[in-house]
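**Q** Coordinates for the following, if possible.
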Amino acid sequence: MHLTAEGAVFSVHASRAEAVEVCLFDRAPDGSEVERRVPLRHQVYGTWFDTIEGVGAGQRYGFRVAGPWVPELALRHNPAKLLMDPYARAIEGAVTVAPPAYAHHVGADLKGDLSVRDDRDSAAYVPRCVVVDDAFDWGGDTPPRHRLCDSVIYEVHVKNATRLHPGVPEQLRGTYAGLAHPAFVDHLTSLGVTAVELLPVHAFTHEPELVLRGLTNHWGYNTLGFFAPHAAYASATDPQGVLDEFKGMVKILHAAGIEVLLDVVYNHTAEQGQDGMTLSWRGLDQRAYYRLDEQGRDIDVTGCGNTVDLNQVVTTRMVLDSLRYWVTELHVDGFRFDLA
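**A** Numbering: from 1, shown residues only. Next up is the predicted model:
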């Protein structure tokens with residue numbers, strides 16, 4: 001998705017779909033959420049696209065995809081399921097782990113029959129993608145570009161690093177702004193740190209198995225979006241503010257001579273195996289995004305249920321576009337690849 005003078009151009013890859021709709025979410029005067037569905041009229045080489053006039057920054061949206069339901073062939077289209085944009089640069093809300101978030105029928109234990117399609121609407125259980133404005137005052141920001149042989153890399157969890165730091169204001173502790181606070185920056189420079197390596201900050205969610213046990217995924221290796229900063233790590237509460245806060249953190253750390261590296265997870269997604277939830281890629285084009293066997297089952301070499309298929313051009317492009325975005329638009333300096 002990108003903004004134009006007239007509105008926004010939406011595009012998404014769904015090569016085996018029969019129809020794709022953009023779902024625009026707005027607030028009614030009574031505070032309720034209203035969904036408006038707009039068909040994407042154009043399709044080239046499996047990518048559906050269209051311009052929707054009047055759309056601007058702050059617009060909440062998602063996709064719905066219609067097509068064949070043949071699970072044994074890994075065709076799992078279900079228009080009842082709201083799907084997230086793989087390229088969303090901001091995500092608002094959290095995944096609610098519940099049966100309607102699955103494209104197939106499951107019970108309260110989240111186990112069920114892969115062959116039976118679940119036609120309950122999942123919109124209430126899935127986050128919203130949000131249109132954001134990329135403009136930001138970077139000033140004279142430049143990457144420090146330390147030689148690797150001269151680097152002192154400090155691995156850090158955004159929430160843990162300042163959660164109890166007495167020098168950081170309480171409302172900023174455990175956030176991107178907390179990392180950029182002078183008290184923490186002084187701590188880094190006093191140690192001679194030349195780079196912080198942030199544990200995953202791509203938007204992530206919690207595995208159903210953990211949720212059923214009353215637990216959460218603390219570390220973030222369960223990606224929900226490869227382009228959006230994890231909103232729970234921001235002191236800002238609006239999606240645009242989350243993005244701007246991350247950029248501001250990078251700008252301040254650069255000014256102190258500190259590079260920002262990201263621990264990134266491109267080998268699997270939060271949808272897990274074919275018996276998992278349908279949140280984005282699986283409902284769009286499972287055969288394009290995931291490695292599958294001849295029976296349409298996930299080939300799991302990650303231990304997380306699925307494996308992102310980098311033999312597919314569209315998937316490789318998504319990963320490379322993500323890497324470019326974090327460097328060009330958010331000014332990060334490098335990456336550490338998890339199970340590269």
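**Q** Could you use CA atoms for every contact and neighbour count after this?
**A** Will do.
**Q** Can you give me the end-to-end span of stretch 304-317?
**A** 22 Å (CA to CA, to the nearest Å).
**Q** And for stretch 259-270?
**A** Taking CA to CA, the first and last residues of stretch 259-270 lie 28 Å apart.
**Q** Kindly tell me how buried His230 is, as a neighbour count.
**A** The number of residues packed near His230 is 26, by other CA atoms under 10 Å.
**Q** Show the pLDDT at it.
**A** In this model, His230 is scored at 98, pLDDT.
**Q** who touches it in this structure?
**A** Neighbouring residues of His230 by CA atoms under 8 Å, 6 or more residues apart in numbering: Ile91, Val201, His202, Ala203, Phe204.
**Q** Can you tell me which of the residues you listed is nearest Thr194?
**A** Nearest to Thr194, judged by CA to CA, of these is Val201 at 19.5 Å.
**Q** can you redo the contacts of His230 as TSV with secondary structure, pLDDT and neighbour count?
**A** Shown next, in TSV, are the contacts of His230 (DSSP: H, G, I helix; E, B strand; the rest coil; pLDDT from 0 to 100; neighbours: other CA atoms under 10 Å):
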residue	secondary structure	pLDDT	neighbour count
Ile91	strand	98	29
Val201	coil	98	27
His202	strand	98	23
Ala203	strand	98	24
Phe204	strand	98	27
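**Q** from those residues, which two are the most distant?
**A** Ile91 and Val201 (12.5 Å).
**Q** now the contacts of His230 in TSV, with distance to Pro71?
**A** Output for those, formatted as TSV (distance: CA to CA, whole Å):
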residue	distance to Pro71
Ile91	28
Val201	32
His202	29
Ala203	28
Phe204	26
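**Q** Quick one: neighbours of Val34, just the number.
**A** Val34 sits with 11 neighbouring residues when counted by other CA under 10 Å.
**Q** tell me the average confidence for the strand or helix carrying it?
**A** With secondary structure defined by DSSP states H and E, Val34 is part of strand 33-39. On average, the pLDDT along strand 33-39 is 96.
**Q** Could I get the contacting residues of Ala66?
**A** With CA under 8 Å, 6+ apart, Ala66 has these contacts: Ala17, Glu18, Ala19, Val20, His77, Asn78, Pro79.
**Q** Sitting in strands, which of these do you find?
**A** Ala19, Val20 (DSSP state E).
**Q** need the helix or strand of this protein with the lowest average pLDDT.
**A** strand 2-3 (a mean of 87; mean pLDDT, DSSP states H and E).
**Q** now for that one, which elements pack on it?
**A** strand 7-13 (3 or more CA pairs under 8 Å, 6 or more residues apart in numbering; DSSP states H and E).
**Q** helices or strands up against the strand it packs on?
**A** So strand 7-13, by 3+ CA pairs under 8 Å, 6+ apart, packs with strand 2-3, strand 47-53.
**Q** how far is it from where the chain is centred?
**A** 17 Å (CA atoms, centre = their mean, to the nearest Å).
**Q** Excluding its own residues, what touches that strand? List them.
**A** 1-3, 22, 46-56, 85-86, 284-285, 314.
**Q** Now do it against strand 47-53: the angle between them, please.
**A** 170 degrees (axes from the mean of the first three to the mean of the last three CA atoms, to 10 degrees).
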